[in-house]
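K.L.:
Return atomic coordinates for the entry below.
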Amino acid sequence: MVAFVRGALFQYRDRRFRRLPHLRVRGERSALQFVEDVGFCSTFARFPEGVPCLWEAVAGRRDPRWPRHSHHDAGVGRTWELKEILPARRRVYYGKLLKNHPCLVSLDLFPAFYALIRGRQRAGDYRKEYEAGRLSLTAKRLMDGLRREHPLYTRDLRAQVFMLEPSRTREFERAMGELQQGLWVLKTEERYEPTFSYRWDFLEAWLPEPVRDGRRLRREKALEMLVGKFLEVAGYADPRSVARLFRVSRDEAERTIGVLARGGALLTDQEIVGLPGRWLISTRLARKGGARGWRGGVPLRAPSPPKAGLVGDPRQGDVARLGGGAPATGPAGDHTGSVAR
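P.N.:
Have a look, this model is predicted:
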């Protein structure tokens, strides 16, 4: 059995994640190309599992330092602009999808997320979820309000369910986060005049065709598509990260990994020199870049492994360290940290 040198694997991710100056995202067109190439990415969060990050792609480097004056930073500002423009033009999906952090998803891959999370459900099925104890009362009331009228700006939605009091802001935010993770609602607009606010709508109303395609997709096939794309882009992963990232059981993750391995998409039980444990390796990495990292091949100096990065959109209130650590507070902002606007 060959062993992979981690330096080659990090370099593979730098290329695929556009963490190189000559590959960096420069505008709307290259941002859309980036999302469609990687399938899904975070906006600002850096996941230890190995998910591409739009902010890193805009900066063109790995682990950029969060600027002291983020509102005046060109890279942060451009990332903020792109994560608003692409969803507003219905070119990508945007919402809290992975580990309660905002992500951009290509419309080609989004049906797989829908099939995994919602299956064949329709918007009206939220009542069944509530009756089964899988949806909170506040989330159910917000869905009732949107059923009466949609889309709605935040203040109008809060008024619909009698939650205008400041003391109920956190309750509202938790419920909206719950509905976003469950793919029931999504933010369709950020309005700046006359006051800053978000506009909310049903997912089915905003992206009807991807939702329709998702209902036709079997859960098993959907998970194979997601894990396959994740490994093809990330290059390598800890087997346990698959279940953790996509919130599926370990048995379901292992079945999916087995199917992909038998189909030739990945190698299992691989060694990475300098990293403990056994790893999954994408066959694409092995063919295009990993061969240079095999023991006995061209030796590569291994850089330090990427750190679990800081989470947060530039105006987000809860900046926390993925993979552990206490949350740190910062300026309030995007609905990733606050939706009460």
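K.L.:
Which element, helix or strand, includes the nearest residue to Tyr114 once chain neighbours are set aside?
P.N.:
On the basis of C-beta to C-beta, 6 or more residues apart in numbering, the spatially nearest residue to Tyr114 that is not a chain neighbour turns out to be Gly214, at 2.9 Å. (Glycine included, C-beta is placed from N, CA and C.) In this structure, Gly214 is located in helix 208-215 according to DSSP states H and E.
K.L.:
Convert that helix to PDB, retaining C-alpha atoms only.
P.N.:
Listed next in PDB are the C-alpha coordinates belonging to helix 208-215 (Å, rounded to 0.1, in the frame of the first residue of the first chain):
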ATOM      1  CA  PRO A 208     -39.300  25.400  -8.000                       C
ATOM      2  CA  GLU A 209     -37.300  23.400 -10.600                       C
ATOM      3  CA  PRO A 210     -34.400  22.300  -8.300                       C
ATOM      4  CA  VAL A 211     -37.000  21.400  -5.700                       C
ATOM      5  CA  ARG A 212     -39.000  19.300  -8.200                       C
ATOM      6  CA  ASP A 213     -35.800  17.500  -9.300                       C
ATOM      7  CA  GLY A 214     -35.000  16.800  -5.600                       C
ATOM      8  CA  ARG A 215     -38.300  15.200  -5.000                       C
END
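K.L.:
and the very next helix or strand once past it, what does it pack onto?
P.N.:
In the C-terminal direction, the helix or strand that comes right after helix 208-215 (DSSP H and E) is helix 219-234. Packing partners of helix 219-234 (3 or more C-beta pairs under 8 Å, 6 or more residues apart in numbering; DSSP states H and E): helix 6-16, helix 28-38, helix 110-117, helix 239-246, helix 250-262, strand 275-282.
K.L.:
Quick one: end-to-end length of stretch 270-283, please.
P.N.:
Using C-alpha to C-alpha, to the nearest Å, one end of stretch 270-283 lies 12 Å from the other.
K.L.:
So which residues make contact with that stretch?
P.N.:
Applying C-beta atoms under 8 Å, 6 or more residues apart in numbering, the contact partners of stretch 270-283 are 1, 3-6, 9, 231-232, 234-239, 242, 257, 264-269, 290, 295, 302, 305.
K.L.:
got it, and stretch 140-159?
P.N.:
Stretch 140-159 is contacted by residues 123-124, 126-127, 130, 135, 160-161, 164, 168, 172, 175-176, 179, 184-185, 188-189, 191, 197-202, 205, 339-341 when judged by C-beta under 8 Å, 6+ apart.
K.L.:
ok so, going back, can you say which of the contacts of stretch 270-283 are buried?
P.N.:
The neighbour-count criterion (16 or more other C-beta atoms under 10 Å) marks 4-6, 9, 231-232, 234-239, 242, 257, 265-267, 290, 302 among these as buried.
K.L.:
how far is stretch 34-54 from where the chain is centred?
P.N.:
For stretch 34-54, the separation from the chain centroid amounts to 6 Å (computed by C-alpha atoms, centre = their mean, to the nearest Å).
K.L.:
pLDDT averaged over that stretch - what is it?
P.N.:
On average, the pLDDT along stretch 34-54 is 95.
K.L.:
Please spell out which residues along it are buried.
P.N.:
Neighbour counts over stretch 34-54 (16+ other C-beta under 10 Å) mark 34-35, 38-54 as buried.
K.L.:
before we move on, what about stretch 218-237?
P.N.:
222-237.
K.L.:
before we move on, what about stretch 203-211?
P.N.:
Buried residues in stretch 203-211 (16+ other C-beta under 10 Å): 203-204, 206-207, 210-211.
K.L.:
From these, pick the one nearest Trp80.
P.N.:
The shortest separation between Trp80 and any of the buried residues of stretch 203-211 is 20.7 Å, and it belongs to Trp206 (by C-beta to C-beta).
K.L.:
Backbone dihedrals for the closest one, both of them.
P.N.:
Backbone torsions for Trp206, taken as degrees, to the nearest 10, come to phi -90, psi -40.
K.L.:
Leu186 is in contact with that one, correct?
P.N.:
Yes - under the criterion of C-beta atoms under 8 Å, Trp206 makes contact with Leu186 at 6.1 Å.
K.L.:
Which of the helices or strands spans the nearest residue to Ala88 once chain neighbours are set aside?
P.N.:
Residue nearest to Ala88 in three dimensions, not counting chain neighbours: Glu189, with 6.1 Å by C-beta to C-beta, 6+ apart. Using DSSP H and E, the secondary-structure element containing Glu189 is strand 185-191.
K.L.:
Now do the one helix or strand Gln180 maps to: everything it contacts.
P.N.:
When elements are assigned from DSSP H and E, Gln180 belongs to helix 169-181. For helix 169-181, the surrounding residues in contact (C-beta under 8 Å, 6+ apart) are 95-97, 100, 117, 135-136, 138-139, 141-143, 158, 163, 185-187, 200, 335, 338-340.
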